[in-house]
Structures are given as structure tokens and as C-alpha cells.
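J.: Just need the structure, nothing else, for what follows:
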Amino acid sequence: MNFLYKLYSFCIALPLFVIITIITALIIMFAALLGDKDIVDYFMCKWWSRFTCRLFLLGIKVEGREKLSKKQSYVFLANHQGYFDIFLIYGYLGHNFKWMMKEYLRKIPFVGLACKVSGQIFVDDTRSGIQKAVQQSRKTLQGGMSMVIFPEGTRTFDGEMGEFKRGAFMLSNEIGLPIVPMTINGSFKIFSRKAKSVSHGTLRLFVHDVIPTEVYRQHPTKKFMQDTWDIIHSKLEKNEE
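T.: Numbers count the residues shown, from 1 in each chain. This is a model prediction of the structure:
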């Protein structure tokens, strides 16, 4: 069965995924030229992500979305297990948002340009880069538009959570929006950074309780980083490999 799935994913799912990704990026770029990027970007990426998960025959399980208000803007912080984290959040979080992305992702053909014109927020590790991201975020994150950050800064190598980067929390504090921790499971097993092909499995997203701005601003950044790490880790499933 595993051999048949690998054959299907490589010969059928992957080529279709590449085609639909290019089409999605082109539609988003065209919509940006017409000045209607936010709505088109959200629904196109949601459709693209759900199509991708179904194309690769993956199971989906989401808990905790009822805690969110569509009219409220948030900063979502999640662990980063693998490539399918993006499809899970885009397709099934059910909340309009922009990504906090590393600067080098601009260079990805089609996708990088689509991300730029759709208003995704790029950042590097420098102080000036963080300040620039803060300024862009303040203009963008209004009226229910939120942001998603992977505070580890990179995908895990072993399925365990790494240390959180300080920049994500400095930025969250500067923007002053409620923070929502989220735990991702299953993505490491399905397609980790070391894997050469997709494996069959189930993606799981757990949305934790919202942390109001006035709560996390009462604590030093280092303590809040650890508290958030503990919250996300509390729902992390073991034996992901």
C-alpha cells in the first residue's frame, strides 16, 4: 500500500500540484493588478491548500477554531513541523491572515512574486528588518486581518520543537494584537525537511486559548516566550517519525 501511495503521489499528485500552484499564483498576481488582492488571495490560497491536501489523500483534524472571532485581528504562533504546515493553516484555520516570511522566499519562482503582490510580510533577522516588518504589519493587520508566524524560524529536523526566536515576540509586542498559540501534529511524518517524498497520514491543528495583549505585556519577553513554547508543546504528539 505504501508503494502504491508513493507511486500515486509522485506520478499524479505532484504534477497536478505544480500546475495548480502556478495557476493560483498567476490568478493572485492578476487580482493584485486589479486592486482586489486580499479577498482573492485568501480564498484562492484556501482553495489551493484544501485541493493539495485532498490531492495527496491526507486526513485533516482541527480543534479550537470556535475560540476565534472573524472581526478580530490576531498574531498566530505555531510550531513548524514540515512543508504541509502551510496547507493546513491556509486551508483549515478559517481566518484571513498574512504570513510572516523569511526574505529569501521572495526568490521562489511564481510563488515569491505572488506573495509579494498579495501583501505577505517579509522579514530578516536584523533590527531594521524587524522595524520595517512592524510598520508594514500595522498598516495591514486591521479589520480581522491577522498574521501567522513560525517562531522557531525554520522546520524541525527531528519532530521536536526548537527554541523560539526573540524577533517574533518583539514584533508581536510592537503590533499589540492578541496572540493565539497553535500546535501542529502529523506534518513531520507526512513530509519533513529531510524527506524525499510525501507519506500518507493525518494533519492535526489545535488552536489554544487567545492570550490578550494586556496579559502577555505583564511579563518579560523571555518568560512569555517560554510560556508560549510550553503551551504549544503541551499538545505536541510524540513519536512523529
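J.: list the contacts for the closest residue to T183 other than its chain neighbours?
T.: Residue nearest to T183 in three dimensions, not counting chain neighbours: K235, with 3.8 Å by CB to CB, 6 or more residues apart in numbering. Yep, even glycine has a C-beta here, placed from its N, CA and C like the rest. Contact analysis of K235 by CB atoms under 8 Å, 6 or more residues apart in numbering lists T183, N185, F206, H208.
J.: For the closest residue to the last one other than its chain neighbours, the count of nearby residues, please.
T.: Nearest in space to H208, with sequence neighbours left out and distances taken as CB to CB, 6+ apart, is P181 at 4.3 Å. Applying other CB atoms under 10 Å, we find 25 residues neighbouring P181.
J.: Verify the assumption that P181 is located in a strand.
T.: Yes - assessed by DSSP: H, G, I helix; E, B strand; the rest coil, P181 belongs to a strand.
J.: from memory it sits against N79, does it?
T.: No - the pair P181 / N79 is not scored as a contact, 9.1 Å apart, by CB atoms under 8 Å.
J.: quick one: common contacting residues for those two?
T.: Common contact partners of P181 and N79 (CB under 8 Å, 6+ apart): I232.
J.: Could you look up the SS state of the residue nearest to T24 when sequence neighbours are not counted?
T.: Leaving aside its sequence neighbours, T24 sits nearest to W48 (CB to CB, 6+ apart; 4.4 Å). Classification of W48 using three-state DSSP returns helix.
J.: Quick check: phi and psi on T156?
T.: Note on T156: its backbone torsions stand at phi -70, psi 150 [degrees, to the nearest 10].
J.: State the distance from it to A168.
T.: Here T156 is placed at a distance of 16 Å from A168 (CB to CB, to the nearest Å).
J.: ok, the two, which is more surrounded?
T.: The neighbour comparison of T156 against A168 (other CB under 10 Å) goes to A168, with 23 against 19.
J.: element containing the more buried one?
T.: Per DSSP states H and E, A168 falls inside helix 166-175.
J.: Correct me if wrong: Q142 contacts S73.
T.: Yes - using CB under 8 Å, Q142 is in contact with S73, at 6.3 Å.
J.: Helices of this protein, start to end?
T.: Under the criterion DSSP state H, the chain contains helices at 2-8, 14-33, 37-55, 85-92, 111-117, 127-140, 166-175, 187-191, 213-216, 221-233.
J.: Give me whichever of those is most buried.
T.: Greatest average neighbour count among those goes to helix 187-191 (a mean of 25), per mean count of other CB atoms under 10 Å.
J.: Show me what that helix packs onto, helices and strands only.
T.: Applying 3 or more CB pairs under 8 Å, 6 or more residues apart in numbering; DSSP states H and E, one finds that helix 187-191 contacts no other helix or strand.
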